[in-house]
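> I need the structure of the sequence given here:
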Amino acid sequence: MAKRIGVLALQGAFAEHETMLSALGAACHELRNRNDLAEKPDGLVLPGGESTVQRKLLMESGMFASIKSWIEEGMPVLATCAGLILLAEHLSNDARTCFETLPVTVRRNAYGRQLGSFITEAEVRHIGPMRQNFIRAPYIEQASPEVEVLSETDGHITAVRYKNQLALSFHPEVGRDTRLHEAFLKLA
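Modelled structure (predicted):
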């Protein structure tokens with residue numbers, strides 16, 4: 001039976017994750033309002049986009065408490081860019097945190113605005129070298145010892161795993177490499 005993946009679809013790059021996960025055999029279910037949470041998925045995707053907008057819509061839609069509970073109970077999560085910001089316990093340049101389930105400190109828009117976006121290739125632990133697309137990306141300034149660092153770019157942490165949370169500064173969903181999504185599906 002296909003893994004059922006809930007994809008936060010309030011704003012941002014959720015469709016790209018759905019396309020990649022569907023191609024890998026997952027059944028994606030968009031999470032847009034509280035009614036979409038009636039059936040608990042096997043895993044959760046928190047996509048890139050605008051974290052402040054996503055946070056606001058999570059609160060207004062009534063989905064925040066249920067999703068936070070799922071994460072705290074160990075539901076596997078793939079969080080990219082804004083999703084990483086939503087998971088972070090601390091933000092170094094913004095007081096508005098969200099789920100606070102990932103013991104890291106994140107800097108929002110760490111590489112600058114849209115013009116600071118770039119593509120690089122870097123090693124991802126347990127995966128190998130991978131093309132990484134950074135779009136108005138954050139990075140992790142500090143991670144607790146129990147957080148496994150998976151990748152770094154220019155001396156900054158850009159991918160981590162903590163329990164069942166896989167959090168990335170970059171956007172694997174905009175490329176063709178499915179290895180991180182495959183790793184996520186194995187967690188689910």
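
> pLDDT of the helix or strand containing Ala159, averaged?
Per DSSP states H and E, Ala159 falls inside strand 156-162. Mean pLDDT, strand 156-162: 98.

> nearest spatial neighbour of Tyr25, skipping sequence neighbours?
In this structure residue 25 is Gly, not Tyr. Excluding the flanking residues, the one nearest Gly25 by C-beta to C-beta, 6 or more residues apart in numbering is Ala2, at 5.6 Å. Yep, even glycine has a C-beta here, placed from its N, CA and C like the rest.

> please apply the same query to Gly175.
Using C-beta to C-beta, 6+ apart and skipping the chain neighbours, the partner closest in space to Gly175 is Arg131 (5.4 Å).

> same for the one helix or strand the one you found maps to, what does it pack against?
Element membership for Arg131 (DSSP H and E) is strand 128-134. With contacts taken as 3 or more C-beta pairs under 8 Å, 6 or more residues apart in numbering; DSSP states H and E, strand 128-134 sits against strand 118-124, strand 148-153, helix 179-187.

> tell me which other helices or strands the following helix or strand past that strand touches.
Downstream of strand 128-134, the next assigned helix or strand under DSSP H and E is strand 139-143. Applying 3+ C-beta pairs under 8 Å, 6+ apart, one finds that strand 139-143 contacts strand 102-107, strand 156-162.

> need the ones you listed in JSON lines (columns: mean neighbour count and distance to Gly43).
As requested, the helices and strands packed on strand 139-143 are exported to JSON lines (neighbours: other C-beta atoms under 10 Å; distance: least, C-beta to C-beta, whole Å):
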{"stretch": "strand 102-107", "mean neighbour count": "22", "distance to Gly43": "16"}
{"stretch": "strand 156-162", "mean neighbour count": "22", "distance to Gly43": "14"}
